[in-house]
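In: Fold the following, please.
(chains A and B)
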Amino acid sequence: MEYPEPLSVLDAQGNYDPNRAPAELRPYLDELGLDKLKQFFADMYITRVFDKDASNLQRQGQLGLWIPSQGQEAVQVAAAYASRPDDYIFPAYREHAIARIRGIDPFDILRWLRGNTHGGWDPKKHNFHIYTVVIGAHALHATGYAMGINLDREKDPSVDKAVMVFYGDGATSQGDTNEAMIFAASYKTPQVFVVQNNQWAISVPVTVQSKTPIYLRAQGFGIPSWQIDGNDVMVSYALAKHALNSARNGGGPQFIEAVTYRQGAHTSSDDPTKYEDPEMRAEWLEKDPIKRLEIYLRAQGVEEEFFTALDAEAKEYAAGIRARLIALGAPETSTMFRNVYSEYHPVTEAQEKWLADYEASFEVEI
Amino acid sequence: MSNLPIAKAITAGLEAAMTKDDRVLLMGEDIGQLGGVFRVTEGLKAKFGASRVMDTPLAESGIIGTAIGLALNGYRPVCEIQFDGFIFPAFNQITTQLAKLTNRLEGAGNLPIVIRVPYGGHIGAVEHHQESPEAYFAHTPGLKLVSPSTANDAYWMIQQAIESNDPVMFFEPKSKYWTKGEVSLNTPTHQLHKTVVAREGEHVTVLGHGAMVHVLLQAAGLAQSEGISLEVLDLRSLSPIDYLPILRSVSKTGRLVVAQEAPGFVSIGSEIAATVTEQAFYSLDAPVLRVSGFDVPFPPAKLEKLYLPDADRVLEAVDRALAF
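Out: Numbers count the residues shown, from 1 in each chain, chains lettered A, B, ... in the order given. Next up, the predicted model:
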């Protein structure tokens, strides 16, 4: 079967054509003045520089693992800016650009992958949940959270928050992501599903997960859905904002498939040379989201000094995080026993005390 | 005081909790209009509305997963899993998400979710409807497990579980749903995680939870006619286990028999036997003995009477304990 190309307004050569977007997206495209686009570019660029440095930190033994987001910055930055600060976001574990825009210190992501914590931040402060490693499990949490917004709205009709949940093409095969859509449709939740189809679930191509475009599946659940060029930050912003507004205004759940490419490995433990077609990779690198926006911005008259200043800022930013990471020691032993339960528990208390006594028994008196 | 069957004592407890706190919600399959397959939630949709007594889509992982999201958004969901054997589609959400999130949030939130599970045999039902899966969950840090055996405990323990800020799995002895008992509506008799003496005795301590407590009391009555005095302990809390009353009882009797419907291998009974042996070795006059279901799949209903420990199987173990 032939399917249409994903919706796009900024092509790989940096040509912008708003007429390729349907009418309902135009008002959101019109919001994208040069200042806003420069902001998007800066966030994408800084995230990439940080991301590359994090990969280096892993190779240098400072991180147990790194999960690169390289290549997927456009849809992430767009969605982050399309959401309101009180909209609640459930990330998978590769949404570093959104985390940063939501005020998470990326250092806290690195603490997690260094092995210092299982969490990293207070989700309520940022309306941004902690990462979830079990694939797709958080999609249900997002739907439940959105069910709660509906209940809040019964008490206070002015409540118009929405939820966004991110996962990948591999996760669409999990039962939980499908159950999340069923519950979302059934309870008409104010929620936007964003699937970043980056073509790979570690080494397995998306064609193993789905024989139809992923966005078409959502329609079988009764959920309106779109497929966009996820490397086009402009269409990504317009559609994310449109979908969020539909969701918050009583339209129920919405579904976006953002077609993109994972330019890095799945994680630092992966080796794409064993499965990735070099031609496919080269083609996708040509469609890079940062490159095309740079071409567009330069054509709009943005001067060289913006780009050089940004590069210096990004490198300084990454270096600051690097310095803090290298100085980071191990967590206190007692943190292992903390917050297993929120209330007193005899077992964790006894075992914490036992370990402290045991450790103390090795201390030599001088 | 009120005389209620256990099922209706739970209904009354749920109603009291929902009246007290409007963040308490019920979720599950068939719990709204029908009132649940065991009618435990009967009448609650009419009283509190469909938003607070939700007939969910038929998906157990979906129920627990969305309950987690609701809890993150400030609600206190009480989920019904229709039958013990149907909890496994939700096993991932319970063990990898619910049990760990309090720890992962590092003090920035908690998960006040109750999972009600009608468990156990004696009802002659088809496969997956008579099981005792407690040990899988007791093994998982981050969860608390309780099981009432009386109507009074059912009424109070469900409310205490809902008030807990941690996830609590509430195992309901479905074969005893229609066993009546006095319920004191004024104040709870015990804290949630306490083991209690259900019948005092001198020669052997017998211990169990839920429906098994009724078997143990029956065994104690039979033993008495033979001059043997059994002390019956109602475990009530399966995680954490309240060891002090168990150790106190064993220091008096010197003998302990632990009974459960679940298979004995790597079970709650095994755990109690090991801990009591470690902590009360010099009080023991006999090894701690376990009376359990066999280590086979729960058999077809026509064989369940041979599978499930009854008073005779308990007394057989009591005799062995006394023979040392």
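In: how is chain A carved up into domains?
Out: Domain ranges of chain A: A:18-331, A:333-366, per automatic domain parsing.
In: Select, out of these, the one closest to chain B.
Out: domain A:18-331 (2.2 Å; CB to the nearest CB). (Glycine included, C-beta is placed from N, CA and C.)
In: what about the helices in the stretch 101-250 of chain B?
Out: Secondary structure of the stretch 101-250 of chain B (DSSP state H, counting those that start in this stretch): helices at B:134-138, B:151-163, B:211-224, B:243-253.
In: typo on my end, it should be the stretch 1-150 of chain A
Out: Under DSSP H, counting those that start in this stretch, the stretch 1-150 of chain A gives helices at A:26-30, A:34-59, A:73-82, A:96-101, A:106-114, A:123-126, A:137-155.
In: so which of those is the most packed in?
Out: helix A:73-82 (a mean of 28; mean count of other CB atoms under 10 Å in any protein chain shown).
In: for that helix, packing partners?
Out: If contacts are counted by 3 or more CB pairs under 8 Å, 6 or more residues apart in numbering or on different chains; DSSP states H and E, helix A:73-82 sits against helix A:34-59, helix A:96-101, strand A:163-168, strand A:191-197, helix A:233-246, helix A:289-299.
In: In CSV: the ones you listed, plus distance to chain B and mean pLDDT.
Out: Formatted as CSV, the helices and strands packed on helix A:73-82 follow (distance: least, CB to the nearest CB, whole Å; pLDDT from 0 to 100):
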stretch, distance to chain B, mean pLDDT
helix A:34-59, 21, 97
helix A:96-101, 15, 98
strand A:163-168, 8, 98
strand A:191-197, 10, 98
helix A:233-246, 17, 98
helix A:289-299, 30, 98
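In: closest one to residue A:355 among those?
Out: helix A:34-59 (29.8 Å; CB to CB).
In: Nearest the geometric middle of the chain, what residue?
Out: No chain in the question, so chain A it is. residue A:95 (2.2 Å; CA atoms, centre = their mean).
In: should've been chain B
Out: Mean-position check on chain B, CA atoms, centre = their mean. Result residue B:147 at 2.1 Å.
In: any idea how far that one is from residue B:94?
Out: Here residue B:147 is placed at a distance of 16 Å from residue B:94 (CB to CB, to the nearest Å).
In: where does residue A:228 land in three-state SS?
Out: Recorded secondary structure, residue A:228: strand (DSSP: H, G, I helix; E, B strand; the rest coil).
In: Please name the residues that touch the residue lying closest to it once chain neighbours are set aside.
Out: Counting by CB to CB, 6 or more residues apart in numbering or on different chains, residue A:228 lies nearest to residue A:7, which is 4.6 Å off, once chain neighbours are set aside. Counting by CB atoms under 8 Å, 6 or more residues apart in numbering or on different chains, residue A:7 makes contact with A:20, A:21, A:22, A:226, A:227, A:228, A:229, A:235, A:239.
In: Need the pLDDT of residue A:7.
Out: Looking at residue A:7, its pLDDT is 97.
In: For it, give its distance to residue B:175.
Out: With CB to CB as the criterion, residue A:7 and residue B:175 are 58 Å apart.
In: what about the longest strand in chain B?
Out: The longest strand of chain B (DSSP state E) is strand B:256-263.
In: Which elements pack onto that strand?
Out: strand B:204-208, helix B:211-224, helix B:243-253, helix B:268-279, strand B:289-293, helix B:311-323.
In: can you tell which of the ones you listed is closest to residue A:12?
Out: Of the helices and strands packed on strand B:256-263, the one closest to residue A:12 (CB to CB) turns out to be helix B:268-279, at 61.2 Å.
In: Which strand or helix spans residue B:41?
Out: Using DSSP states H and E, residue B:41 maps to neither a helix nor a strand.
In: State whether it and residue B:27 are indeed in contact, as I suppose.
Out: No - assessed by CB atoms under 8 Å, residue B:41 is found out of contact with residue B:27, at 10.1 Å.
In: so what's in contact with the two at the same time?
Out: Contacts common to residue B:41 and residue B:27, judged by CB under 8 Å, 6+ apart, are residue B:80.
In: State the number of residues packed around residue A:286.
Out: 11 (other CB atoms under 10 Å in any protein chain shown).
In: Likewise for residue B:262?
Out: 23.
In: Could you check the pLDDT of the nearest residue to residue A:186 once chain neighbours are set aside?
Out: Spatially, and ignoring its direct neighbours in sequence, residue A:186 is nearest to residue B:57 (5.5 Å; CB to CB, 6+ apart). Per-residue confidence (pLDDT) for residue B:57: 98.
In: Ok, the one 3 residues further on next?
Out: Turning to residue B:60, the model gives it a pLDDT of 98.
In: Can you tell me how far it is from residue B:86?
Out: Distance from residue B:60 to residue B:86, by CB to CB: 6 Å.
In: Just want to know which of these two has more residues nearby.
Out: residue B:60 (23 against 17).
In: What's the local residue count around residue 119?
Out: All of this refers to chain A. Count around residue A:119 with other CB under 10 Å applied: 22.
In: oops, I was thinking of chain B
Out: Residue B:119: 28 neighbours (other CB under 10 Å).
In: cool, and residue B:221?
Out: Neighbours of residue B:221 (other CB under 10 Å): 13.
In: Could you measure from it over to residue A:196?
Out: For residue B:221, the distance to residue A:196 - CB to CB - is 65 Å.
In: Output the contacting helices and strands for whatever helix or strand residue B:14 lives in.
Out: Assigned by DSSP H and E, residue B:14 belongs to helix B:6-20. The contact analysis (3+ CB pairs under 8 Å, 6+ apart) places helix B:6-20 against strand B:24-28, helix B:44-48, helix B:151-163, strand B:168-173, strand B:180-183.
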